[in-house]
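>>> here are the coordinates; sequence isn't available:
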């Protein structure tokens, strides 16, 4: 029996399980940039207007941070830049997909049952990578056809499609390696997301720092930077594609080699032995919750602090952009002075921090599902520990942990900008307040995930779809000219755009009220239903 025996059957199983979810995110990844073409052409119908965009918004530090550099003033290049955050979203989805079909299956015991048949030990990994990478290539093909059908050059459309498609492949391979290193699905997801976050942070520093600060070379240290440097519609660099393909192939080979060296259910990195006597802090349900959730929280705190430092550190370049551009200076003088563009920048990046915090909050909430499906909750609930108390031991990290990571990002961003501006005492409270204003929206997303878990545990993974929908609407809703009723679906639409705008507590109170109702519904459903075993 070869190591890849049964791979075809595993591929069919994955396609069966993801028959609704996978086509949904693939379709969204294609439709967003395709719709950008008509929306962008409507906003900037002439070459002169597109050139003006390239000289103003196209070089704005906010856009550089969110989307990356603009290499040309043509319609296709503008669309490619405005789609610059999509590879990050696709990388996250690909990572979660691979971990779900590899390490999560092992953790639940299903991988061992399948391994008792004719299935080879490498079949699960090969199938997960094959299906995920094939999804990326389908996205590339559909996007190429969709962009070319609207009159854009075929070569640029192909390069653009491959940029997004290869983002799926490379981060699927990263997740494949992470799944071999750890013995838990949560740790594998954490490593994968950390790698994606590091790639995004390096890319951000390279793009916003730019050649003027000597940081543009950092882009060559990030796979996301490589993907941008393919330069669709702006003199395509096909040799960069070869670099991305080579990296993906190397990571796949590394994942296969590591998989062959470890036992089923184990990881390459052996877990560290604990002390002979348990700490009193681990006593009870909340002590166990701390043990299970604290390491992930530390990682998210470090990541948010790093992002905050980067976001705050580059805010000064926004002011420099205004000083160097008379047209932009005149626009923002009318809007309320040169500080208005800095406030708009922080309002944008705080929305991104809010989306990242929502991802953390959903991850912390769905730890309940992992413990339940792994049959670790049942022995605990057989003790005097009640269901609500056990759920609360994890949900406290959802609530307080998300507040902590937002505070870390806001504090670091305000401090970095304040030091650069010479007035940290003024900037820290303003930026921190903007970050914390995202919290009710973050909690609402987590409450939806909790409601799904409590009422329909089989569909708990849909909590991630809530994050994805909120992210798409928040990041691309305005560019796609979506109706207000659609924009209102995202809770982040209702958050005050701080700093720089008037603060209103009414929408935040409504968000908190809906959060409480959904959370209560989820807890009530969990209390009444049977425990799920898979």
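Arrived safely. What you see is a predicted model; the values in this text were computed from it and never measured.
>>> Tell me the pLDDT of residue 176.
In this model, residue 176 is scored at 93, pLDDT.
>>> So it is in contact with residue 125, correct?
Yes: in this structure residue 176 lies within contact range of residue 125 using CB atoms under 8 Å: 6.0 Å. C-beta here means a position set from N, CA and C on the backbone, and glycine is covered the same way.
>>> Quickly list what's touching both of those two.
Common neighbours of residue 176 and residue 125, using CB atoms under 8 Å, 6 or more residues apart in numbering, are 102, 255.
>>> Now do the strands in the stretch 51-200 of the chain.
Assigned by DSSP state E, counting those that start in this stretch, the strands in the stretch 51-200 of the chain number zero.
>>> right, and residue 303 touches residue 199 too?
No: using CB under 8 Å, residue 303 makes no contact with residue 199, being 12.0 Å away.
>>> These two - which one has more neighbours?
Taking neighbours as other CB atoms under 10 Å, residue 303 and residue 199 compare with residue 199 leading, 24 against 21.
>>> now the more buried one: how far from residue 472?
Separation of residue 199 from residue 472 (CB to CB, to the nearest Å): 21 Å.
>>> Tell me where the stretch 401-534 of the chain is predicted with low confidence.
Low-confidence segments of the stretch 401-534 of the chain (pLDDT under 70): 479-480, 533-534.
>>> worst-scoring helix or strand of this structure, pLDDT-wise?
The weakest-scoring helix or strand in the chain, judged by mean pLDDT, DSSP states H and E, is helix 326-335 (a mean of 49).
>>> how much distance is there from the following helix or strand past that one to the middle of the chain?
Counting by DSSP states H and E, the element after helix 326-335 in chain order, helix or strand, is helix 339-365. Put simply, helix 339-365 sits 12 Å off its chain's centre (CA atoms, centre = their mean, to the nearest Å).
>>> Give me the residues contacting the helix or strand just after helix 339-365.
Next along the chain after helix 339-365, taking DSSP H and E as the criterion, comes helix 367-373. With contacts defined as CB under 8 Å, 6+ apart, helix 367-373 is touched by 107-108, 185-186, 292-293, 377-378, 391, 394-395, 397, 453, 457, 460, 526, 531-534.
>>> Please check those and keep the buried ones.
107-108, 185-186, 292-293, 377, 391, 394-395, 397, 453, 457, 460, 526 (16 or more other CB atoms under 10 Å).
>>> shouldn't residue 410 be in contact with residue 434?
Yes: Residue 410 is within contact range of residue 434, at 6.7 Å (criterion: CB under 8 Å).
>>> Would you mind listing the residues touching both of the two?
Listed as contacting both residue 410 and residue 434 by CB under 8 Å, 6+ apart are residue 350.
>>> Phi, psi for residue 530 please.
phi -80, psi 160 (degrees, to the nearest 10).
>>> what about it, neighbour count?
6.
>>> Equivalent analysis for residue 342, please.
25.
>>> Tell me the pLDDT of it.
Residue 342 carries a pLDDT value of 75.
>>> ok, it to residue 159 distance?
Distance, residue 342 to residue 159, by CB to CB: 34 Å.
>>> Flag whichever of the buried ones among the contacts of helix 367-373 scores worst on pLDDT.
Lowest pLDDT among the buried ones among the contacts of helix 367-373: residue 108, 70.
>>> Distance of that residue relative to residue 6?
Residue 108 sits 18 Å away from residue 6, going by CB to CB.
>>> do the same with residue 191
To residue 6, residue 191 is 27 Å away according to CB to CB.
>>> do residue 287 as well
From residue 287 to residue 6 the distance is 42 Å (CB to CB).
>>> and what of residue 463?
As for residue 463, its distance to residue 6 is 31 Å (criterion: CB to CB).
>>> got it, and residue 522?
For residue 522, the distance to residue 6 (CB to CB) stands at 38 Å.
>>> Kindly report the same for residue 131.
Counting by CB to CB, the gap from residue 131 to residue 6 is 14 Å.
>>> Ok, residue 43 next?
52 Å.
>>> can you pull the contacts of the nearest residue to residue 399 once chain neighbours are set aside?
Nearest residue to residue 399, sequence neighbours excluded (CB to CB, 6 or more residues apart in numbering): residue 443, at 6.6 Å. Residue 443 makes contacts with 361, 398-399, 402, 511-512, 515, as judged by CB under 8 Å, 6+ apart.
>>> Now do the buried residues in stretch 397-410.
Residues of stretch 397-410 classed as buried by neighbour count (16+ other CB under 10 Å): 397-399, 401-410.
>>> And stretch 249-264, by the same measure?
If you call a residue buried by 16+ other CB under 10 Å, then stretch 249-264 has these buried ones: 251-252, 255-256, 258-259, 262.
>>> next one: stretch 496-515
Result for stretch 496-515 [16+ other CB under 10 Å]: buried residues 496-500, 507-508, 511-512, 514-515.
>>> Residues touching it, excluding its own?
The contact list for stretch 496-515, computed with CB under 8 Å, 6+ apart, reads 336, 339-340, 343-344, 346-347, 350, 430-431, 433-434, 437, 440-441, 443-444, 446-447, 491, 494-495.
>>> For it, measure first residue to last.
17 Å (CA to CA, to the nearest Å).
>>> Report the distance from it to the chain centre.
24 Å.
>>> Tell me which of residue 43 and residue 6 has more neighbours.
A direct count of neighbours by other CB under 10 Å for residue 43 and residue 6 places residue 6 higher, at 23 against 13.
>>> So for that one, what's the pLDDT?
On pLDDT, residue 6 comes in at 81.
>>> does it really touch residue 117, like I thought?
Yes: with contact defined as CB under 8 Å, residue 6 and residue 117 form a contacting pair (7.0 Å).
>>> which SS state does residue 248 fall under?
helix (DSSP: H, G, I helix; E, B strand; the rest coil).
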